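S.K.: Take this sequence and fold it.
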Amino acid sequence: MSSILIKSAQLVNEGKVEVADVYISNGRIEMIAQEINHPADQEINAEGLHLLPGLIDDQVHFREPGLTYKADIWHESRAAVAGGTTSFMEMPNTVPNTLTQQLLQDKYDIAAKNALANYSFFMGAANDNLEEVLKTNPRDVCGIKVFMGSSTGNMLVDNEKALEGIFANAPTLVATHCEDEATIKANLALFKEKYGEDGLKIEMHPLIRSEEACYLSSSKAVELAKKHNTRLHILHISTAKETALFRNDIPLKDKKITAEACIHHLWFSDQDYASKGNFIKWNPAVKTANDRDQILKALLDGHIDVIATDHAPHTMEEKSQPYASAPSGGPLVQHALQALLDMVKGGKMTLEQLVQKSAHNTATLFQIEDRGYIREGYWADLVLVDLNRPYTVSKANILSKCGWSPFEGHTFSSTIAHTIVSGKLAFSDGQLIEKGAGERLLFNR
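M.R.: Here you go, the predicted structure:
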């Protein structure tokens, strides 16, 4: 493997920003120092650039196998790397659903050939596959995914006995999508009765998939986790009310129950439905500006632990249907870091907090081996950003297979200059370097 020397970068790591050189060899960071003059195969002049650990996205839907007309591992991992995300964890609601160890292995085999970023895949839970779930290897699988509310696919776990079995026996972290299905169905029936099927509008989405639906399900997951001493991670918190379910008085490494905030719930509010329509239709729904602000507050004060995207592409045609028919989800992985850097520029968080919540904490929470920090001996998963070079999102520069973004037309304040994945330069000056740099994530469990 080639060696890389990064010169004079503003290194953002473990609560500090300092100028340093970084020498990479055989995929790993060999040396960090004020000045390194070691010969290298590649040298990057990083003067004026900030060097961050690559983002680790613990929730993406790359749609392969079975839904590859709208996304696949090759396209979406390229989008990730171009956006400074160097590792991803992908969800099991592909087709067929990832409900057996063989189907899980099939996805790893695809990623080994096609992923430009580092990868892991969640094992899916259903009402009737506990035996397969229990075979999951905690060492090389990120976790078990439980849909406690239906989303894309057919993986709703609504059998009480099945839920108890999963929470009581799961061999590793359990990640949950929490929305109470009965509440959503009741809300939907009321809105249909009042407005008719054709009268349903996107503005009703956060009222149908309501705060109460989220809180009922999240609180139930917390209750089950406490009962069974389960390692629980609740995905995409979308309400202020839910943030009270989590602790911030103990170190992350000691937490048994953790939570995630997503880019769209930190950026958009229900006021944006008028201009964005179905293109910001997600489950759980984007809710009020107060919810958005309180999620950010909980993220920064430690009640919420990590930032992710829930990147979930659909085609333009699918999203352009009437509200009731349009699927939920959208592409975010290419622009997540730039959105966060805009939040830094706007004074909503610091660079150090961005790195903590999108790289350090994700590595700690999932116990990822030798990643998520800029440390000697660790894998070189790095991104260099130019904070003073604006970048406008357009059809021409979107890399997700679906070809659109909820950020289209927005000018970010920063540009991704270079991305290094497992010690290989994977993206540089706007160009992807197609060498399949991704490695399988391993976990210290």
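S.K.: hey, where'd the strands end up in the stretch 101-250 of the chain?
M.R.: Ranges of strands in the stretch 101-250 of the chain, per DSSP state E, counting those that start in this stretch, are 118-121, 123-124, 144-148, 174-178, 232-234.
S.K.: quick one: which of the ones you listed is nearest Glu203?
M.R.: strand 174-178 (22.8 Å; CB to CB). C-beta: built from backbone N, CA, C; applies to glycine.
S.K.: What angle do strand 144-148 and that closest one make with each other?
M.R.: Angle, strand 174-178 to strand 144-148, by axes from the mean of the first three to the mean of the last three CA atoms, to 10 degrees: 20 degrees.
S.K.: from here on, count from 15
M.R.: Noted, 15 is the first residue going forward, which turns the last one into strand 188-192.
S.K.: For strand 188-192, give the mean pLDDT please.
M.R.: Across strand 188-192, pLDDT averages out at 97.
S.K.: Over to stretch 447-459?
M.R.: Averaged over stretch 447-459, pLDDT sits at 89.
S.K.: Please convert the strands of the stretch 115-264 of the chain to a markdown table, extending it with distance to Gln116.
M.R.: What follows is these, written out as a markdown table (distance: least, CB to CB, whole Å):
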| stretch | distance to Gln116 |
| --- | --- |
| strand 132-135 | 13 |
| strand 137-138 | 11 |
| strand 158-162 | 16 |
| strand 188-192 | 21 |
| strand 246-248 | 25 |
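S.K.: these two touch, right, Ala182 and His242?
M.R.: Yes - between Ala182 and His242 there is a contact under CB atoms under 8 Å: 4.5 Å.
S.K.: The two: who's more crowded?
M.R.: When neighbours are counted by other CB atoms under 10 Å, Ala182 and His242 differ, and His242 comes out ahead with 16 against 13.
S.K.: I figured that one hits Gly179, correct?
M.R.: No - counting by CB under 8 Å, His242 stays clear of Gly179, with 9.7 Å between them.
S.K.: Do a quick rundown of the helices in this structure.
M.R.: 87-96, 115-128, 144-147, 174-183, 195-209, 219-222, 225-242, 277-281, 287-290, 303-315, 330-333, 350-359, 365-369, 375-380 (DSSP state H).
S.K.: Go ahead and name everything in contact with the fifth one.
M.R.: Spelled out, that is helix 195-209. Contacting residues not belonging to helix 195-209 are listed as 163-164, 170, 172, 214-215, 218, 221-224, 226-227, 230 [CB atoms under 8 Å, 6 or more residues apart in numbering].
S.K.: Quickly check the residues you listed for the two that are furthest apart.
M.R.: The largest separation in those, counting by CB to CB, is between Asp172 and Lys215 at 27.8 Å.
S.K.: Now tabulate the strands of the stretch 115-264 of the chain in CSV and tack on distance to Glu422 and mean neighbour count.
M.R.: Below are the strands of the stretch 115-264 of the chain laid out as CSV (distance: least, CB to CB, whole Å; neighbours: other CB atoms under 10 Å):
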stretch, distance to Glu422, mean neighbour count
strand 132-135, 27, 26
strand 137-138, 32, 26
strand 158-162, 29, 27
strand 188-192, 27, 26
strand 246-248, 30, 26
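S.K.: For Arg385, find the nearest of those.
M.R.: Using CB to CB, the strands of the stretch 115-264 of the chain put strand 132-135 closest to Arg385, at 7.2 Å.
S.K.: Output the contacting helices and strands for the closest one.
M.R.: If you count contacts as 3 or more CB pairs under 8 Å, 6 or more residues apart in numbering; DSSP states H and E, strand 132-135 packs onto strand 99-104, helix 115-128.
S.K.: The longest one - what's its average pLDDT?
M.R.: Which is helix 115-128. 97.
S.K.: tell me the contacts of the residue nearest to Thr244 when sequence neighbours are not counted?
M.R.: In space, and not counting its chain neighbours, Thr244 is closest to Phe181: 4.6 Å by CB to CB, 6 or more residues apart in numbering. Phe181 makes contacts with 188, 238-239, 241-242, 244, 246, as judged by CB under 8 Å, 6+ apart.
S.K.: switch to 7 Å and redo it
M.R.: 188, 238-239, 242, 244 (CB atoms under 7 Å, 6 or more residues apart in numbering).
S.K.: Out of those residues, which comes closest to Arg403?
M.R.: Once CB to CB is applied, the member of the contacts of Phe181 that ends up nearest Arg403 is Val188, at 41.3 Å.
S.K.: which residues touch that closest one?
M.R.: Contacts for Val188 (CB under 7 Å, 6+ apart) come out as 157-158, 160, 180-181, 244-246.
S.K.: what about 6 Å?
M.R.: 158, 160, 244, 246 (CB atoms under 6 Å, 6 or more residues apart in numbering).
S.K.: right, and the second one touches Met137 too?
M.R.: No - contact criterion CB atoms under 6 Å: Val160 and Met137 do not qualify, at 10.2 Å.
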